[in-house]
Structures are given as structure tokens and as C-alpha cells.
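Enquirer: Okay, structure incoming, though there's no sequence with it:
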């Protein structure tokens, strides 16, 4: 059996760790200066919690902006809880870190994008048993910020 370094998985975990660290800093000290975040996440993720009307309006993915008004930011190892304002209606939600598809801070031209990779390769049974921990994890890449520039 040939073993190799799974750089995609390692990068994925490192990028998620960066988001965790940033969000914990904001939880403790608030958003510094002009920093703000555009966070796109998969609303179908099993751990995502949001109001029914938001899930109906955004059945696959949703982008939230964390900037001028947010409340109740609580970060744990799996994700973060936050209350955001939607048309003068505060809505509490929980976003798992694994549900995040993009994380962008346009104030400093920083962005991350996570993409899933579907494997078309067939594995034999012995490899499949050994690789249970590595099941179809998303790959990660840096996203161009031109999409969010005005």
C-alpha cells in the first residue's frame, strides 16, 4: 500500500483553524478597525441552526455579513452562535465551521474558499476500511477578492 501526504486535508484543517482563531479574537475583543466578514455557509449542514424562514429562503447556502451590528457571538470548537439583524429582525443562528464555504474580510483583501471534491476513484475494501476517517472532506483554496470589490 502506498501512503502519501494528504496536503488537501492538512490545508483544510489549517484554514478552519485560522477561522476559529479569528472568531475567538472577535468574541473576546470585538471587530477591530474596519474589519468585517462575509461568511457563506451551507444551510443544509446538519449542525447549521437558523430560523425556518431563512432556511426556506436560502435552501442551499447563505451569505451573512458580520460588520456593524451583531450580538451574542459565542465560539466553540465546532462553530459559532451569533445573532444578526435581518430587516430589523434579530435572528439567532449557529454556523458550524465545517459548513463554511467562503470567509472573506474585504477590509484587508483576505479570503478563503472551501470546495468539496467528489472522488470518482474506486477503492478496494481494505483501503476503504483504513480510510474511514478521511471520508470525502472538502478541499480548500484561496479565493480571489475581485468578486467582492466595488
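Expert: Sure thing, it's come through. This structure is a prediction, so every number in the text was calculated from the model and none was measured.
Enquirer: quick one: low-confidence parts of the protein?
Expert: Low-confidence segments of the chain, defined by pLDDT under 70: 1, 116-150.
Enquirer: Compute the distance between the residue sitting nearest the centre point of it and residue 44, please.
Expert: Central residue of the chain (C-alpha atoms, centre = their mean): residue 100, 1.8 Å from the mean position. Residue 100 is 13 Å from residue 44, where distance means C-beta to C-beta, to the nearest Å. C-beta coordinates here come from the backbone N, C-alpha and C atoms, glycine included.
Enquirer: For the residue nearest to the centre of the chain, give me phi and psi.
Expert: phi -70, psi 130 (degrees, to the nearest 10).
Enquirer: Would you confirm that it contacts residue 43?
Expert: No: Residue 100 is beyond contact range of residue 43, at 11.6 Å (criterion: C-beta atoms under 8 Å).
Enquirer: would you say residue 3 is within a strand?
Expert: No: membership of residue 3 in a strand is not supported by DSSP: H, G, I helix; E, B strand; the rest coil, which gives coil.
Enquirer: which residues touch it?
Expert: For residue 3, no contacting residues are found, by C-beta atoms under 8 Å, 6 or more residues apart in numbering.
Enquirer: what do you get for residue 38?
Expert: Residue 38 sits in contact with 63-65, 102-104, 106, 148, where contact means C-beta under 8 Å, 6+ apart.
Enquirer: and the longest helix for the protein?
Expert: helix 7-29 (DSSP state H).
Enquirer: measure stretch 25-36 end to end?
Expert: 13 Å (C-alpha to C-alpha, to the nearest Å).
Enquirer: So which bits of it are buried?
Expert: Residues of stretch 25-36 classed as buried: 26-27, 31, 35 (neighbour count, 16 or more other C-beta atoms under 10 Å).
Enquirer: residue boundaries of the helices in this protein?
Expert: Secondary structure of the chain by DSSP H: the helices cover 7-29, 52-57, 125-130.
Enquirer: Please work out which of those helices is packed deepest.
Expert: Neighbour counts (mean count of other C-beta atoms under 10 Å) averaged over each of the helices of the chain peak at helix 7-29, with a mean of 15.
Enquirer: Could you find the closest non-adjacent residue to residue 86?
Expert: Nearest residue to residue 86, sequence neighbours excluded (C-beta to C-beta, 6 or more residues apart in numbering): residue 54, at 7.2 Å.
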